[in-house]
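Chemist: Got a predicted model here, sequence first, then my questions.
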Amino acid sequence: MKQCLSFVFVFALVCALAPSVSTQTMGQPEEFSAGAVDINHGRAGSIAINVDRWSTAAERETLVGSLLEKGPDELLKTLQDMKPVGRIRTPDSIGYDLRYSQQRPGPDGGRDVVLVTDRPISFWEAVNRPRSIDYPFTLIQIHMKPDGTGEGKLALATKITADPDTKMIEIEDFANQPVQLVDVKSERKH
């Protein structure tokens, strides 16, 4: 059964990849820590996200061009060829590279952070090609409030498509619900 992500994720991706009149704040390197609640599997844990650099406007335009001109397969190839912007990890893993990062001022005086990367594919998954192989993206959306606290969502296995009739970008989530990120904290690196 096809599950579509909430409007928040569609909006987050469109904001992250579409050209914008407001300039992205390049900002300093930053580390985010959060509690991660996976409702689908009844698990909870913690997650660390390091942003070593913020993506440029040129990188954003390259990704948008890839998606609009050649579709999600080309978007994936383009994303995989990009220089990493940071890493995401859990306490018991070495993690994996993030490929796109953007932050913008939020409407409440806080800020919105969007991170996108390709999802690691295991050897078993590559050989056996289960349905999950069609969901190669990971999307993270975090809202940091003006008081420095935050919350967010993480869609670990996501597929980006465009509806041929409406020409709208859609994000399909392989999981039932995105992982909830709670008690998000941020520490800027110097």
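Modeler: Right, received. Where do you want to start? Residues are numbered from 1 along each chain as shown.
Chemist: I'd like the next helix or strand past the lowest-mean-pLDDT helix or strand in the chain.
Modeler: Least confident helix or strand, the chain: helix 7-17 with a mean of 44, by mean pLDDT, DSSP states H and E. Once helix 7-17 ends, the next helix or strand along the chain (criterion: DSSP states H and E) is strand 30-38.
Chemist: Can you list the buried residues in that following strand?
Modeler: For strand 30-38, the neighbour count (16 or more other Cβ atoms under 10 Å) marks Glu30, Glu31, Phe32, Ala34, Ala36, Asp38 as buried. Glycine gets a C-beta too; all of them are placed from N, C-alpha and C.
Chemist: For the helix or strand that that strand is followed by, which strands pair with it and how are they oriented?
Modeler: Once strand 30-38 ends, the next helix or strand along the chain (criterion: DSSP H and E) is strand 43-51. With DSSP bridges as the test, strand 43-51 is paired with strand 30-38 (antiparallel), strand 86-89 (antiparallel).
Chemist: Give me the residues contacting strand 43-51.
Modeler: Strand 43-51 has contacts (Cβ atoms under 8 Å, 6 or more residues apart in numbering) with 29-38, 85-91, 95, 98, 101, 113, 115, 140, 154, 181.
Chemist: Secondary structure class of Val182, three-state.
Modeler: Three-state call for Val182 (DSSP: H, G, I helix; E, B strand; the rest coil): strand.
Chemist: For the closest residue to it other than its chain neighbours, give me its contacts.
Modeler: Nearest in space to Val182, with sequence neighbours left out and distances taken as Cβ to Cβ, 6 or more residues apart in numbering, is Gly35 at 4.5 Å. Going by Cβ under 8 Å, 6+ apart, Gly35 touches Ala44, Gly45, Ser46, Ile47, Leu181, Val182, Asp183.
Chemist: And Gly35, what's its pLDDT?
Modeler: Note for Gly35: predicted pLDDT of 94.
Chemist: May I have stretch 154-162 exported as CSV, CA atoms only?
Modeler: Taking Å, rounded to 0.1, in the frame of the first residue of the first chain, the C-alpha atoms of stretch 154-162 are listed here in CSV:
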residue,chain,number,x,y,z
LEU,A,154,13.2,11.5,9.8
ALA,A,155,12.0,9.4,6.8
LEU,A,156,14.7,6.7,6.5
ALA,A,157,13.4,5.0,3.3
THR,A,158,11.8,7.5,1.0
LYS,A,159,11.0,7.6,-2.7
ILE,A,160,10.8,10.9,-4.6
THR,A,161,8.5,10.9,-7.6
ALA,A,162,6.6,13.4,-9.8
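Chemist: Go through that stretch and flag the buried ones.
Modeler: For stretch 154-162, burial by neighbour count (16+ other Cβ under 10 Å) applies to Leu154, Ala155, Leu156, Ala157, Thr158, Lys159, Ile160.
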